[in-house]
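> Sequence first, predicted coordinates after that:
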Amino acid sequence: MKIRRLSRLLPVAPAILLLLVFLLAPVAWSFYASFTDAALTGKAAREPQWVGAENYVRMVTDDAFPTAVWLTVVFVAASAVLGQNLLGLLIALLMTRSRKSVSDWVGTAVVAAWVLPEIVAAFAAYAYFNRDGTLNQLLAVLGTHGLDWLYSFPLVAIILANTWRGTAFSMLVYRAALANVPRDVSEAALMDGARGWQRLAFITLPLIRNSIATNLMLITLQTLAVFTLIWVMTAGGPANASTTLPVLAYQEAFKFGDIGYGTAVASVLILLGMVFGAVYVWLLRERRA
Amino acid sequence: MKIVAAFAVAAVLAGVTSCSSTPDAGRNTTLKIVYQKTDAFTALDTVMQDAKKEFEAANSGVTVDLQPIQANDDDYGTKLALAQRSPDTAPDVFYEDTFKVRSDVDAGYLLKLDSYLGKWDDWANFSDAAKAAGRTDDGAIYAVPLGTDTRAIWYNKSVLQKAGIALPWQPKSWDDILVMARKVKAADPTVIPFTMYAGKGTGEGTVMQSFYELLYGTGSTLYDEDQRKWVVGSQGFTDSLAFLKTLYDEKLAVSPAEALDANVWKKVFGEWFPQGKLGATVEGSYAPSFWKKGGAYEWAGYEQDMAVAAFPTQKGQEPGSVSMSGGWTLAVGAGTKSPELSFQFLATALNKKNALAYDINNSQIAVRADVAADPGYLAANPFVKDVSGLVDVTHYRPATADYPRISTAVQVATESVITGRQSPQEAAADYDATVRKLVGEDKVLQR
């Protein structure tokens, strides 16, 4: 009996093993390294020393770190929670009322940005916001002079780019959720004299509450980890104005060779992700009457 | 059960394959060579291809596995260091920046070469300065330089001429530079009169081809070699930042946004100089390697249009001009299984023929006496004599393990000043605080 139960695990064993080796092991190593002075070069590369919480203490006193946390929170809130989420919901709602041809075109256009590999999307966004880029050329046609967006408004540029790139996911999730909202409930509300916004706020949104929470969790965790897009567009600059936590961790570990401090920053990022995750899981739990 | 068996088999197989790479006296040995190659830097790749042919012909059974890394200097260093962390991925012979030699020796990445160099006849041809490039504090040598470089002002003669500046132009002080730049701007406001790198975008370029020329020309220094301490609070540091501020505030240099673009140097070489849109800048002696035939930014007119001037000291104080030198070396991995063969390959890549080809193609300053005396080397471009002369007034970066972080702190200070975020005094004070935090109070020298 016991053997039979174990044999059921057999098909998933390779996947579990791969996850342990390639996901959990690096995370555990990274967490361990954050308590050492591991480095890419110098004496510490040969024999890393245990330094206790030194890297974490340094984080608190380092000006760059609190800035990076703040930028990360703003980036996630603006591009994922507000941008991708609300825009995705809005497009999905509009698509349910529009003609099929229109909704097909819009859907294709939105999904196109999502289909692109991250590096291609990043270069496209760079080419768009660049000083001689598409945006400024369009503005020139209109007779106004554009700014150097990546230099003057780096955070706004990466927020817009990430919103553009990720909205499709939210849109798809919400389209599927809205399709499952029973029409009769909506119609009953209509008969009772509920206005459009009332139906949305009191009927539709509560019914798709689970989809909203799941979507928020997924896009938040995804956006927390965005690196390529920022690295290609601004490389964290100018003067750290777009250095989010992943960029800071990379710079510390690989540009300055300070793997200990870099992994400490990465560990905080993991922690931040867990906090967000826990909040959404808490929101997701079924309310008991 | 089956899975366990499968893993056991896999483990055995893995063991067998790793055993097969143990040394066996020159027969069927593979040497892994790692070096840098970019669209603008192919000279070393050419030399390595030639050395591979030569070496494989002379040593049958040995395969030379060339693994060029396509990356800029910073990323190349990171990739190399990551490869060196594990014996399975560490290269046998690799291309190493001189300023990283010491910290990489500390990390145990480099093989001590003294016993091999003693048996190598060509070693006598290397200049003393070149021999010192790969030497550490214990006196042992770990790396052999390919060439060296100096830095100077490169200026476009026709741009200066149009502004009515007498040629050849040789500034005697920082003020002379400003006088020239203001005249050029007055004559044609669309031209960038005199730019110097600043900010983190251009990385080491910001310090090597800009800030250190200023700092070392004030009589100050970054690092006191005798006391082995970092200098903070020097007037020279603030003055140097103030000079950059003047250049950027008066719009004599590129815009701050352009300066912070990591690719600005490509525009300097590829667009602004050839199109006559830039008066002058500080760049390395290797500049002609970009413009010559086969270079990344071929420009037939560079020999007529361009000229070199030494970078002056602040107020013309002795020795009158200043330059910075760096350069790259070849080194052997400490964990190599075939140290003798690896050194032989290094010696092949650096023999007279290959060193000459490299120094000519990459516009390097020769470090071998026999290459320096070769007519082909002297005729490589019209500027060889000018830039080689600067070896007398040149400085080297402090090659300590702390250096990369200090360098970044300097880059941050320049960025804060040219973007107007901080005054030179504030940026210098921030730099001092950063240095104290990085190296500790006992390794700091207050001026």
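Received the coordinates, thanks. Please read all numbers here as calculations on a predicted model, not as lab measurements.

> check contacts around residue 255.
In the absence of a named chain, chain A is used. Contact partners of A:Lys255, counting by CB atoms under 8 Å, 6 or more residues apart in numbering or on different chains, are B:74, B:78, B:408. (C-beta placed from N, C-alpha, C; glycine too.)

> I was after chain B.
Taking CB under 8 Å, 6+ apart, we find B:Ser255 in contact with A:Asp148.

> before we move on, what about the one 10 residues further on?
Shown in contact with B:Trp265 (CB under 8 Å, 6+ apart): B:197, B:202, B:205.

> and the second one, how many neighbours?
Residues lying near B:Thr202 (other CB atoms under 10 Å in any protein chain shown) number 22.

> Let me know the secondary structure of it.
Taking DSSP: H, G, I helix; E, B strand; the rest coil as the rule, one finds B:Thr202 in the coil state.

> Could you report the pLDDT at it?
Looking at B:Thr202, its pLDDT is 88.

> How about the first one?
Note for B:Tyr197: predicted pLDDT of 97.

> and the stretch 1-150 of chain A, which residues reach chain B?
By CB under 8 Å from any CB of the partner chain, the part of the stretch 1-150 of chain A that sits against chain B consists of A:10, A:13, A:39-46, A:131, A:148.

> got a winner among the residues you listed for most neighbours?
A:Leu40 (27 neighbours).

> on that earlier part again, restricting to the contacts of A:Lys255, which residues neighbour chain A?
When contact is defined as CB under 8 Å from any CB, the contacts of A:Lys255 meet chain A at B:74, B:78, B:408.

> Among the residues of the stretch 1-150 of chain A next to chain B, which ones are in helices?
Taking DSSP state H as the definition of helices, these contribute A:13, A:43-46.

> Buried subset of the contacts of A:Lys255, written for PyMOL?
Burial among the contacts of A:Lys255 is assessed by 16 or more other CB atoms under 10 Å in any protein chain shown; the matching PyMOL selection reads:
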select buried, chain B and resi 78+408
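
> Report the contact partners of B:Gly164.
B:183, B:187.

> What parts of the stretch 101-250 of chain B come near chain A?
Contact residues (CB under 8 Å from any CB) of the stretch 101-250 of chain B with chain A: B:103-104, B:106-109, B:199-201.

> pLDDT below threshold where in the chain?
Just going to use chain A. Low-confidence segments of chain A (pLDDT under 70): A:1, A:286-289.

> Wait, chain B was what I had in mind.
B:1-27.

> Which segments of it make up each domain?
Chain B breaks down into these domains under automatic domain parsing: B:20-145+B:328-363, B:151-325+B:398-446.

> Any idea how far apart the tips of the last one sit?
Yep, that's domain B:151-325+B:398-446 we're talking about. End-to-end distance for domain B:151-325+B:398-446: 28 Å, by CA to CA, to the nearest Å.

> Include neighbour count and secondary structure when you put the residues of the stretch 101-250 of chain B next to chain A into a markdown table, please.
A markdown table is the format used below for these (neighbours: other CB atoms under 10 Å in any protein chain shown; DSSP: H, G, I helix; E, B strand; the rest coil):
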| residue | neighbour count | secondary structure |
| --- | --- | --- |
| B:Ser103 | 25 | helix |
| B:Asp104 | 28 | helix |
| B:Asp106 | 20 | helix |
| B:Ala107 | 24 | coil |
| B:Gly108 | 15 | coil |
| B:Tyr109 | 28 | coil |
| B:Gly199 | 29 | coil |
| B:Lys200 | 22 | coil |
| B:Gly201 | 22 | coil |
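
> In three-state terms, how would B:Phe94 be classified?
Following three-state DSSP, we place B:Phe94 in the strand state.

> list the contacts for it?
Going by CB under 8 Å, 6+ apart, B:Phe94 touches B:33-35, B:80, B:330-331, B:333.

> how about 6 Å then?
B:Val34 (CB atoms under 6 Å, 6 or more residues apart in numbering or on different chains).

> Please report how far it lies from chain A.
13 Å (CB to the nearest CB, to the nearest Å).

> again with B:Leu160
According to CB to the nearest CB, B:Leu160 and chain A sit 27 Å apart.

> For that residue, grab the count of nearby residues.
Residue neighbour count, defined by other CB under 10 Å, stands at 22 for B:Leu160.

> for A:Val12, same thing?
That count, for A:Val12 with other CB under 10 Å as the rule, works out to 10.

> Once you drop chain neighbours, what's closest to the residue nearest the centre of chain A?
Nearest residue to the geometric centre of chain A (CA atoms, centre = their mean): A:Thr223, 1.1 Å. Closest residue in space to A:Thr223, ignoring its immediate chain neighbours: A:Ala80 at 3.9 Å, by CB to CB, 6 or more residues apart in numbering or on different chains.

> could you say which helix or strand contains the closest residue to chain A within the stretch 251-400 of chain B?
Nearest to chain A, among the residues of the stretch 251-400 of chain B, is B:Ala257, at 3.8 Å (CB to the nearest CB). Following DSSP states H and E, one finds B:Ala257 within helix B:256-259.

> residues making contact with that helix?
Contacts of helix B:256-259 (CB under 6 Å, 6+ apart): A:148, A:151, B:198-199, B:264, B:418-419.

> Of all the residues in that helix, which ones are buried?
By 16+ other CB under 10 Å, the buried positions in helix B:256-259 come out as B:256-259.

> Setting the sequence-adjacent residues aside, check what's closest to B:Val101.
B:Val101's closest residue in space is B:Ala143 (CB to CB, 6+ apart), at 5.1 Å.

> measure the nearest residue to B:Lys112 once chain neighbours are set aside to B:Arg102 for me?
Using CB to CB, 6+ apart and skipping residues adjacent in sequence, the residue nearest B:Lys112 is B:Ala140, 5.0 Å away. Relative to B:Arg102, B:Ala140 is positioned 11 Å away (CB to CB, to the nearest Å).

> Over to A:Gly193?
Going from A:Gly193 to B:Arg102 by CB to CB gives 81 Å.

> With B:Val144 instead?
Counting by CB to CB, the gap from B:Val144 to B:Arg102 is 15 Å.

> ok, those two, which is more surrounded?
Set side by side, B:Val144 and B:Arg102 show more neighbours around B:Val144, with 28 against 23, by other CB under 10 Å.

> which residues does the more buried one bridge with?
Per DSSP bridges, residues listed as beta-bridge partners of B:Val144: B:Leu330.

> check contacts around it.
Contacts of B:Val144 were listed using CB under 6 Å, 6+ apart, and they are B:134, B:329-330, B:350.

> if we go to 7 Å?
When contacts are counted by CB atoms under 7 Å, 6 or more residues apart in numbering or on different chains, B:Val144 touches B:134, B:329-330, B:346, B:350.

> what number of residues lie near A:Asn162?
27.

> What of A:Asn210?
Number of residues near A:Asn210 (other CB under 10 Å) recorded here: 12.

> returning to what we had before: would you agree the residue nearest to B:Lys112 is in contact with B:Leu111?
No. Judged on CB atoms under 7 Å, B:Ala140 makes no contact with B:Leu111 at a distance of 10.3 Å.

> which one of the two has more residues nearby?
In this view B:Ala140 and B:Leu111 are compared by other CB under 10 Å, and B:Leu111 has more residues nearby, 21 against 15.

> Find the residue closest to the more buried one in space, skipping its chain neighbours.
Closest residue to B:Leu111 in three dimensions, ignoring its sequence neighbours and counting by CB to CB, 6+ apart: B:Val332, at 4.2 Å.
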